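**Student:** Just a sequence and a predicted model for now, questions to come.
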Amino acid sequence: MKKYVLIFICFILIGCNIDLNVSSLYVEDTKENNILLTIETPSFKIVEKNSINQIFVENFGRLSILGGPILPSKIISIALPPGATYSGFSYEFRDSIMIPGEYTIPPLPIADLADSINVDIKKEYKNIYNENYQRIYTCDNLFPVEPVEFINTAFYRQYNLVDFRISPFIYRPLSKTLSYYPSFKIKINYEESDTRLVSNIREKGFLDQIAQDYIINYDQTSEWYQESTSINDDVFDFVIITLDSLQSSINSLVEWEIAKGRSVNVVTISWIDDNYQGYDLAEKIRNFLRDKYPVYAWGIEDVLIIGHWEDIPMRLTDQQIDSSSNKAETDYYYAELSLPDNESWDIDGDHRYGENSDQIDFYGEVNVGRIPWSDPEIVEHICEKSVSYEQNNETSYKKNILLLGAIVDQNTDGAVFMEYKTNENIHPWMSSWLMTKMYESESIYPKDYVLNHNNVVSVWADSKFAFVSWHAHGSPTGSYANNRAFISVDDCQYLNDEYPAIISSASCSNSDTDYLNIGQAMMKQGAVGFLGANKAAFYRSQWDEPNDGSDQSMKYFFTTAITSGEYTQGQAHQYAIHEMYSKGLWDRLYYETFVHGSLWGNPDLGIFTVEISNPPNTPQRPSGPSSGKILENYSFSSSTIDSDADDIYYEFDWDDGTNSGWIGPHESGKVVSASHIWKTKGTYSVKVKAKDIHGAESDWSDSLVFSLTKNKPFIALSYLEILKIICQRFQFINKIFLL
């Protein structure tokens, strides 16, 4: 494990209080087709161990150049207006500031693979490392050359994005000098000609929070996107894609998701196959999701695929560890929905998906999970135990984690990974968790049991673990310590399925779709969620913190997001994918994203206990006038009570294709008013519904019938026209004028 001593801390004064997780930000108003941003470098610290220095910047990752200096870096996302096309950028920076002293910044090492992997791939990476090292470390040129670098254009749902890599530190390897740029001014140019993005409707709830986290100029998007006030009766935020033969097996899960407040739609593969075009069934499924996920359509947030990958295909990609290995399949294809296949996953139309030249992005529009079985009884059981998992409120279960850390090489003890992600000082919520630790006998870390097959199976079978995490060498059928399996496919039959777990596997191939893999087997018995690699996975030797990258960091982000209680496993999965991308923590971006891009289990399942809230009573029929005139403002009111005494939101339906939006929250029983202006005469039925702060909705109220007529027009007349009318009405005036 690397141990560091703090030698220098530099705090840069922040010019404003905007917290963007990257830096301070200033957006300058411009009338031209460009966005002008000033970004300030955040505070940082430098630590030393054995004359080796490392720089830490909060929420930054590092440059991912093998053999190049490990310097802080991050990919940031900047939003463009809807329909705009990126056309270029320029940047300026203030003079760099020299940090006193000499610094030895180490090169980024090669990620490791199991010894069984073809030595040719290791030789290839060694050559890349040596070439970069010689090019950079044998001269005193500035590194990196460009502190701001265009990466790609992207989308997150309706948001139109452009990504840049920011690298504020510069290093001269021979003189060992280190400097930083205190701020950057970036100008992004665009043209208003692209019609790909047709929606300017703002997302709501958790999706909007994700957008705030991703987009550094999010506040500026309020000029371009508005909340919808139109009524959409076809909202289905949770979609299940399954086989006709499994529809009756999933009823328990469908009913539970509805009770949680989700709007569920079950769609069969046969229906998609009949109603959508595509090169193959996988593309038809993706085209269906692209059609229905936008907020103006169904507003899909979560997609659960129920069926074996032979029945509901994953996307076979063109990524493989080496020429002798099978290519990776991935369900990430169904999460990344930004553009059609011919503009993203298969630009050249050769049906070799996810080539390095293809333009995919790393913002999943939806959370995707899969129950990887097509047997009706197995599927029914998995659905039932998934429901029970969320309903269970036993603290001794729901805050109980099993940690399995093997020694994967002479410099890498999996116990380090386990200790870091459960460290209470870094993750305060873990202070209330029970932990059972199994490490190898040679590990220096305290353990409850030695990591071996007998201890893992017997303890797991007799205990209640809501979460299980391991780091070890692996195969499709198991994971290993001292070259012996401590858990395998054959052991799943002994696991405690009354108390199943979400499982995070930092091992090779535990979800390999060329086999009945251990992840799939555990979903049958022992698990309600499983995230593992579906082919060989890189790991980072001497891993001891998230910026070291590779498989451990991916599973770190996934695990801590779930144990925090703030993310479902589907949300945690997409969060981890984006963190790895934005912080530059993969060595092979496409391959590793695809290999770790498939989650077994319901994406809407979380570690926290879900308590179903009773909806408010149906509100009273709206009070207000029964008639009026167009283009005038009329007010209506209603009230209801909530049996749980929760605060209440109200939504009035004006029967003209618009509504009031959710108004509130207000105390239970309080009378609430809303007003509206109609533009067309006619008879309208005004109604109202309510929901509590947990999202439980009432039925619609009875309607108040409201009739509107036109206002009599006011006609402006000249004085002579008025006098003429008077003379026609009163003939004696004519006689006066004739005298």
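**Tutor:** Looks like it arrived, so ask away. For clarity, every value in this text was computed on a predicted model and none was experimentally measured. Numbering: from 1, shown residues only.
**Student:** Just the C-alphas of the longest helix along the chain, formatted as CSV.
**Tutor:** Using DSSP state H to define each element, the chain has its longest helix at helix 119-137. Extracted in CSV, the C-alpha atoms of helix 119-137 (Å, rounded to 0.1, in the frame of the first residue of the first chain):
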residue,chain,number,x,y,z
VAL,A,119,1.2,-12.4,-22.9
ASP,A,120,1.0,-10.5,-26.3
ILE,A,121,-1.4,-8.0,-24.8
LYS,A,122,0.9,-7.4,-21.9
LYS,A,123,3.8,-6.9,-24.3
GLU,A,124,1.7,-4.4,-26.3
TYR,A,125,1.0,-2.3,-23.3
LYS,A,126,4.6,-2.4,-22.2
ASN,A,127,5.7,-1.1,-25.6
ILE,A,128,3.2,1.8,-25.3
TYR,A,129,4.4,2.6,-21.8
ASN,A,130,8.1,2.6,-22.8
GLU,A,131,7.4,4.8,-25.9
ASN,A,132,5.5,7.4,-23.9
TYR,A,133,8.0,7.3,-21.0
GLN,A,134,11.0,7.9,-23.3
ARG,A,135,9.1,10.7,-25.2
ILE,A,136,8.1,12.6,-22.1
TYR,A,137,10.7,11.9,-19.3
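**Student:** and that helix, average pLDDT?
**Tutor:** Averaging pLDDT along helix 119-137 gives 90.
**Student:** Give me the helices and strands touching it, please.
**Tutor:** Of the remaining helices and strands, none touches helix 119-137 by 3 or more CB pairs under 8 Å, 6 or more residues apart in numbering; DSSP states H and E. Every C-beta, even on glycine, is put in place using the N, C-alpha and C of the backbone.
**Student:** If you count neighbours, what's buried in that helix?
**Tutor:** I121, Y125, Y129, N132, Y133, I136, Y137 (16 or more other CB atoms under 10 Å).
**Student:** which ones are touching the nearest residue to L281 once chain neighbours are set aside?
**Tutor:** Leaving aside its sequence neighbours, L281 sits nearest to P313 (CB to CB, 6 or more residues apart in numbering; 5.7 Å). Shown in contact with P313 (CB atoms under 8 Å, 6 or more residues apart in numbering): D280, L281, A282.
**Student:** if we can go back for a sec, and the contacts of the longest helix of the chain?
**Tutor:** Here helix 119-137 has contacts from 65-69, 107, 109-111, 113, 143, 173-174, 321-322, 587, using CB under 8 Å, 6+ apart.
**Student:** from those residues, which single one is nearest I250?
**Tutor:** I321 (35.2 Å; CB to CB).
**Student:** Which residue, other than its chain neighbours, is closest to that closest one?
**Tutor:** A536 (4.7 Å).
**Student:** I'd guessed the one you found sits against C508; true?
**Tutor:** Yes - A536 lies in contact with C508 (CB atoms under 8 Å); the separation is 4.9 Å.
**Student:** More neighbours: those two, which one.
**Tutor:** C508 (28 against 24; other CB atoms under 10 Å).
**Student:** residues touching the more buried one, list them.
**Tutor:** L113, A114, H473, G474, S475, A533, K535, A536, A537 are the contacts of C508 under CB under 8 Å, 6+ apart.
**Student:** Let's see that with 7 Å instead.
**Tutor:** A114, H473, G474, S475, A533, A536, A537 (CB atoms under 7 Å, 6 or more residues apart in numbering).
**Student:** for those residues, which one is nearest I186?
**Tutor:** A537 (35.2 Å).
**Student:** what's around that closest one, how many residues?
**Tutor:** Count around A537 with other CB under 10 Å applied: 27.
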